[in-house]
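**Q** Structure for this input, please:
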Amino acid sequence: MTEKKLAITFRIEPDGSRLRAKGRDAWALLALHMAGKRGVTPLDTPGPRWSGYVFNLRRMGLVIETVHESHGGPFAGTHARYVLHSEVSIIEGGADAKAA
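**A** The predicted structure follows:
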């Protein structure tokens, strides 16, 4: 049995054309879309290459802000919070999406 790769069709409002994201890029877009202005971090939504997913989504024309935040703990440092500023309509594939 082969596992189907996550794919979504979306558009950037108000008048963008239909675009398609697949795999982890689609997963990341759905996470950003559901998080709204709160955004997501690799700490609360783990994924191996958030910076890569955001890079790919930006190349599709999405406006995604990177906010650098400090965190404490035994491995203190900084992490990124990604916030989707583009208004996006999910046309197909987002309702029953599972992890890619």
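**Q** Now V83. Nearest residue, chain neighbours left out?
**A** Distance criterion C-beta to C-beta, 6 or more residues apart in numbering; nearest residue to V83, sequence neighbours excluded, is G39 at 3.6 Å. Backbone N, C-alpha and C define where each C-beta goes, glycine included.
**Q** Verify the stated contact: that neighbour with Y82.
**A** Yes - shown here, G39 and Y82 form a contact pair, counting by C-beta atoms under 8 Å, at 5.5 Å.
**Q** picking up where we left off before, list the residues that contact the residue nearest to V83.
**A** L32, E65, V67, R81, Y82, V83, L84 (C-beta atoms under 8 Å, 6 or more residues apart in numbering).
**Q** picking that back up, and for G39 and Y82, which residues touch both?
**A** With C-beta under 8 Å, 6+ apart, G39 and Y82 have common neighbours L32, E65, V67.
**Q** Please narrow the residues you listed to those residing in helices.
**A** L32 (DSSP state H).
**Q** So which of the shared contacts of G39 and Y82 wins on neighbours?
**A** L32 (24 neighbours; other C-beta atoms under 10 Å).
**Q** That residue and R81 touch, don't they?
**A** No - in this structure, L32 is not within contact of R81 by C-beta under 8 Å, at 10.7 Å.
**Q** Find residues that contact each of those two.
**A** Joint contacts of L32 and R81 (C-beta under 8 Å, 6+ apart) are G39, V40.
**Q** still on that earlier bit, which of the shared contacts of G39 and Y82 sits closest to R24?
**A** The nearest member of the shared contacts of G39 and Y82 to R24, counting by C-beta to C-beta, is L32 at 12.3 Å.
**Q** Find the nearest non-adjacent residue to the closest one, please.
**A** L84 (4.0 Å).
**Q** any idea how far the one you found lies from G77?
**A** Distance, L84 to G77, by C-beta to C-beta, to the nearest Å: 24 Å.
**Q** okay, these two: which has more neighbours?
**A** Neighbours were counted for L84 and for G77 using other C-beta under 10 Å; L84 has more, 23 against 8.
**Q** That's all I had, so thanks and see you.
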